[in-house]
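Using only what follows, build the 3D model:
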Amino acid sequence: MTAPGVDQNAQVQVMEFMQGPALLLIAPLIASFFVGAVWLSVAYANAGVISRWNPALYVLALIIAVGGAALVAATGMIDARLVGVLTLWTVAAAQLWLGVVLWRQSQQ
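This next block holds a predicted model:
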């Protein structure tokens, strides 16, 4: 997409489609990413492999997303992209935490 000589105007149409109507086509993939991550964290927390705080990060991410979106809509005090980044960072933190714990266990 960023290579020299690429027709960027042709790519804009594709990206608008993928970020608009095509979201319905890839929604199951996006949903499975989040649902699978939550499920894995809850299962490992129930097994006592990780602490209960790990699955709670997904709840925190949901609070950030919903609360941030409401704040953006009501006041415009913060940028919507910041809300998105903070939400995804919280999800990534939960996944990183789980990955580190599993990696440490595999090293024992």
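
Find me the pLDDT at the residue most central in space within the chain, would you?
For the chain, Leu88 is the residue whose C-alpha lies nearest the centre (C-alpha atoms, centre = their mean; 3.8 Å). Here the pLDDT value assigned to Leu88 is 95.

Give the burial count for the closest residue to Ala61 other than its chain neighbours, as a bare number.
The shortest distance from Ala61 to any non-neighbouring residue, by C-beta to C-beta, 6 or more residues apart in numbering, is to Thr90 (3.9 Å). Bear in mind the C-beta positions are built from the backbone N, C-alpha and C, glycine included. By the measure other C-beta atoms under 10 Å, the count of residues near Thr90 is 19.

that older thread, spit out the contact partners of the residue nearest to the centre of the chain.
Ala61 (C-beta atoms under 8 Å, 6 or more residues apart in numbering).

Is it correct that Ala69 is in contact with Ile78?
No. Judged on C-beta atoms under 8 Å, Ala69 makes no contact with Ile78 at a distance of 10.2 Å.

Now the common contact residues for these two.
In contact with both Ala69 and Ile78: no residue, using C-beta under 8 Å, 6+ apart.
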